[in-house]
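*Asks:* Show me the folded form of this:
(2 chains)
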Number of protein chains: 2
Amino acid sequence: MTELLVEMGAKARQASLTLAQLTTTQKNEVLEQIALALEKNTTEIIEANQYDLEHSTGLATKFVDRLTLDQGRILAMAEGVRQVASLPDPIGNIERGWITKAGLQISQRRVPLGVIGMIFEARPNVTVDSAALCFKSGNAVILRGGKEALQTNIKLAQVIRNVLQEQGLPLDAVQIIQETSHDLAQKFMQLTDYLDVLIPRGSAGLIQTVVNNASVPVIETGAGNCHIYVDETADLQMACDIVVNAKTQRPSVCNAAEKLVVSSQIAPQFLPLVARALHKYNVELRGDKRACEILGAQAVSATKADWDIEYNDYVMAIKVVDSLDEAIAHINQHNTKHSEAIITNDYQHSRDFTDRIDAACVYVNASTRFTDGFEFGFGAEIGISTQKLHARGPMGLNELTTTKYVILGDGQIRK
Amino acid sequence: MTELLVEMGAKARQASLTLAQLTTTQKNEVLEQIALALEKNTTEIIEANQYDLEHSTGLATKFVDRLTLDQGRILAMAEGVRQVASLPDPIGNIERGWITKAGLQISQRRVPLGVIGMIFEARPNVTVDSAALCFKSGNAVILRGGKEALQTNIKLAQVIRNVLQEQGLPLDAVQIIQETSHDLAQKFMQLTDYLDVLIPRGSAGLIQTVVNNASVPVIETGAGNCHIYVDETADLQMACDIVVNAKTQRPSVCNAAEKLVVSSQIAPQFLPLVARALHKYNVELRGDKRACEILGAQAVSATKADWDIEYNDYVMAIKVVDSLDEAIAHINQHNTKHSEAIITNDYQHSRDFTDRIDAACVYVNASTRFTDGFEFGFGAEIGISTQKLHARGPMGLNELTTTKYVILGDGQIRK
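*Replies:* From the prediction side, this is the model:
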């Protein structure tokens, strides 16, 4: 079992050396061929997907929805691959360069990471997205998807691998782990000799399992207990619109707002206004003592646990504070370092909030929902990093690369 | 025991929020005070160090040397702190900025990582170096040194903490773990709620233990199985000088060369030349079949294991290859991704080698010994990263930071 992983790892490492040397034009041509192949193989892909759907009993409706592929979704996947082809290629960029005291000419070049491991759950589009992003950035990828989507994932990988082979490229640039036991997943997370990074995508539980068990470096993605602080100088209508958007536009995602923090100076006016707007979307409100006093029957009492929960649902907890300092301290204590917003018209408050809040993305007068690779203009994203190492915030192609120093000399030795 | 770590972590986190807001001038003044305090407390530091030396029985001579402090070494520490003060402060730099389609103004600002954990062995100068580098980059640090140096480390930390207190700063910006059990070290590596990164410094064994046991993100430093490839077009005298320098100038360090790879076209002329030069330094040579045929009694046979060993000693293994491709394949298979060099006068070979070798630093016609924060011009280093995530190669102040996106809007909501 471990031998299987070692073999896959060695093949991926070998393939990555070839991938690292491809030109941007070569890579884009292959991506176009992959898009065409996905379109051409729609029927077969749907058949594999049907098999998975028939054999996945007892899944919740939202999981079935994520798992299901139809022609429209496959065309969207192909379109996604073409979008990746259209993105600028970071490989080969020289980030900086200088000459040292010893006369060595150093340049720091952008290069692929090498071999990327992806661990994800039911959504088969992750297979195609990840393969395209990893390929464009010159990386080999080993994919370990959920067992519910296994046949779909195998078929999608096969379509991609066929294209690689037709193009004379190492088909092991994209591999899929076909045995979905937890034991093998554990061993995959320990494959330090062959994996340069592991990226988990999926539920908080999945991500925690990977963080706790991996010895391969992990990029942690996803968890978002996002706050919006409405300052006493806020335009209350703007604040209301932003809170409603951040909470309800897509509550299941990590950049949705989960907590509302309100200055006590405007709470009596603002809370009834925002509660009315949120109730139109059936948002359950959970207030601290002062919020409940203002909202009466419109809110229930929040418990201590509420401040740390990511609901991913039509629920929002509300805290009333007496100062910006109290708001910042509360947010820094309970946030997941994802996205936080202040709604204010006070210049100094906007500076203090953006300086002192510890998060990947800090907003003034905008919805937290903008934390997203597409909205940022990266064109695609492989996830949103909530850790501080390597990548923070939305990750695009650049975040799938590293650098190497190339040092040119004329015989220098160290004194 | 875990409560102790949680308490230290929480205090460090709190201190880091203050540190992140200090100006460069404030930080530099504190560093100058720390340098003065080290000089003023030389006698007390040497006393603590004497205690450690008297209670460390059975240590090898080189460990005793690393552990020992005298006035000169303490003055050198103070000088090191002043050097860190003189370095440019990366905090607050805006790395890039743009306006999105939605009209949001995004800027990516450089900020501290937050709380850094250091795990290291006998060298007490790591305590002062790390504290200075972490402080200058706005980070709190928790240090876990080896038990042999415990009293020295406690005294050094006390000197630094006294300065912080005098300056009205949180003294928990620099903390030392006083209980050196392995069990507590294990728990320290799992302190994900409070540590943003863990940096191990020391032997390969220590680093592997941390990589295998930590759930906190780790920056792997150190291991260096470095190669020098001498091409058929090399200036043989230059090649000889570089090999001797890279092998013998300081064999115990990670950027010393361990392996010599030689083109078969020049091996008959070059190997006797370089063997003579290396024998002056009593370097033991271990050759593959062809190298041994040429060198006769001047070399012993290398075993398969030799190609993967980092000797850190006056030993060098030699492999003869028939082509650049074979050299590159051999190096990519056995190297630790640290530093590799080609000695050549062939333009295309220099390009192929630098393009295709997978390592943090790739040299043409220079000694691998230049992989070093000071030689690179970073002014100081906290280690040399051999992983690809976050930092690769020598790590200075910049590598102790992360970024956050600050997004300014005018009420934007997501459609």
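*Asks:* use CA for all of it now, contacts and neighbours both
*Replies:* Noted.
*Asks:* Would you agree residue A:136 is in contact with residue A:85?
*Replies:* Yes - look at residue A:136 against residue A:85 with Cα atoms under 8 Å: they come within range, at 7.1 Å.
*Asks:* And these two? Which one has more around it.
*Replies:* In this view residue A:136 and residue A:85 are compared by other Cα atoms under 10 Å in any protein chain shown, and residue A:136 has more residues nearby, 32 against 23.
*Asks:* can you tell me which residues contact that one?
*Replies:* A:24, A:27-28, A:31, A:84-85, A:89, A:397 (Cα atoms under 8 Å, 6 or more residues apart in numbering or on different chains).
*Asks:* Let's see which of these end up in helices.
*Replies:* Secondary structure assignment by DSSP state H places A:24, A:27-28, A:31, A:84-85 of the contacts of residue A:136 in helices.
*Asks:* For chain B, what's its nearest residue on chain A.
*Replies:* Closest approach between chain A and chain B, counting by Cα to the nearest Cα: residue A:390, at 3.6 Å.
*Asks:* helix, strand or coil for that residue?
*Replies:* The local conformation at residue A:390, judged by DSSP: H, G, I helix; E, B strand; the rest coil, is coil.
*Asks:* Need the pLDDT of the residue nearest to it when sequence neighbours are not counted.
*Replies:* Closest residue in space to residue A:390, ignoring its immediate chain neighbours: residue B:390 at 3.6 Å, by Cα to Cα, 6 or more residues apart in numbering or on different chains. The model reports residue B:390 with a pLDDT of 93.
*Asks:* Residue A:388 is in contact with residue B:390, correct?
*Replies:* No - counting by Cα under 8 Å, residue B:390 sits too far from residue A:388 to count as a contact (9.1 Å).
*Asks:* more neighbours, those two?
*Replies:* residue A:388 (25 against 20).
*Asks:* Quick check: phi and psi at the spatially closest residue to the more buried one that is not a sequence neighbour.
*Replies:* Leaving out its chain neighbours, the residue that sits closest to residue A:388 by Cα to Cα, 6+ apart is residue B:402, at 5.9 Å. Main-chain torsions, residue B:402, degrees, to the nearest 10: phi -130, psi -170.
*Asks:* check contacts around residue B:402.
*Replies:* A:388-392, B:110-113.
*Asks:* and the residues you listed as a markdown table, adding distance to residue A:5?
*Replies:* Formatted as a markdown table, the contacts of residue B:402 follow (distance: Cα to Cα, whole Å):
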| residue | distance to residue A:5 |
| --- | --- |
| A:388 | 29 |
| A:389 | 27 |
| A:390 | 26 |
| A:391 | 27 |
| A:392 | 29 |
| B:110 | 38 |
| B:111 | 38 |
| B:112 | 37 |
| B:113 | 34 |
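*Asks:* Considering the residues you listed, which possesses the most neighbours?
*Replies:* Neighbour counts for those (other Cα under 10 Å) peak at residue B:112, which has 31 neighbours.
*Asks:* How about that one, nearest residue that isn't a chain neighbour?
*Replies:* Spatial nearest neighbour of residue B:112, chain neighbours left out: residue B:401 (4.5 Å); criterion: Cα to Cα, 6+ apart.
*Asks:* mind listing what that neighbour touches?
*Replies:* B:90-91, B:110-113, B:137.
*Asks:* and it, how far is that from residue B:110?
*Replies:* According to Cα to Cα, to the nearest Å, residue B:401 stands 7 Å off from residue B:110.
*Asks:* Now for those two: what residues contact both?
*Replies:* Counting by Cα under 8 Å, 6+ apart, the residues touching both residue B:401 and residue B:110 are B:90-91.
*Asks:* and the stretch 101-250 of chain A, which residues reach chain B?
*Replies:* Taking Cα under 8 Å from any Cα of the partner chain, the part of the stretch 101-250 of chain A that reaches chain B is made up of A:101-102, A:113, A:196-197, A:211-218, A:238-239, A:241-242, A:245-246, A:249.
*Asks:* buried set for stretch A:63-81?
*Replies:* A:64, A:67-69, A:74-75, A:77-81 (16 or more other Cα atoms under 10 Å in any protein chain shown).
*Asks:* Kindly apply the preceding question to stretch A:27-45 instead.
*Replies:* Neighbour counts over stretch A:27-45 (16+ other Cα under 10 Å) mark A:27-28, A:30-39, A:42, A:45 as buried.
*Asks:* Look at residue A:201 and say how many residues are nearby.
*Replies:* Neighbourhood size, residue A:201 [other Cα under 10 Å]: 24.
*Asks:* Give me the number of neighbouring residues for the residue nearest to it when sequence neighbours are not counted.
*Replies:* Among residues not flanking residue A:201 along the chain, residue A:120 sits closest, at 4.8 Å (Cα to Cα, 6+ apart). When counting by other Cα under 10 Å, one arrives at 20 neighbours for residue A:120.
*Asks:* Okay, residue A:120 and residue A:411: tell me how far apart.
*Replies:* Using Cα to Cα, we find residue A:120 at a distance of 49 Å from residue A:411.
*Asks:* Check the contacts of residue B:402 against residue B:2 and report the nearest one.
*Replies:* Of all the contacts of residue B:402, residue B:2 sits closest to residue B:113, with 23.0 Å by Cα to Cα.
*Asks:* Hmm, the closest one is touching residue B:195, no?
*Replies:* No - judged on Cα under 8 Å, residue B:113 makes no contact with residue B:195 at a distance of 9.3 Å.
*Asks:* mind checking which helix or strand residue A:39 is in?
*Replies:* helix A:24-40 (DSSP states H and E).
*Asks:* Is there proximity between that helix and chain B?
*Replies:* No - Helix A:24-40 stays out of contact with chain B when judged by Cα under 8 Å from any Cα, the minimum separation being 15.1 Å.
*Asks:* next helix or strand past that helix?
*Replies:* Per DSSP H and E, the first helix or strand lying C-terminal to helix A:24-40 is helix A:42-55.
*Asks:* residue ranges of the helices in the stretch 101-250 of chain A, please?
*Replies:* Assigned by DSSP state H, counting those that start in this stretch, the helices in the stretch 101-250 of chain A fall at A:125-136, A:150-166, A:182-188, A:204-213, A:236-248.
*Asks:* quick one on the thing from earlier: quickly check the ones in helices among the contacts of residue A:136 for the two that are furthest apart.
*Replies:* A:24 and A:84 (11.6 Å).
*Asks:* any weak-confidence spans in chain A?
*Replies:* Scanning chain A with the threshold set as pLDDT under 70 gives A:1.
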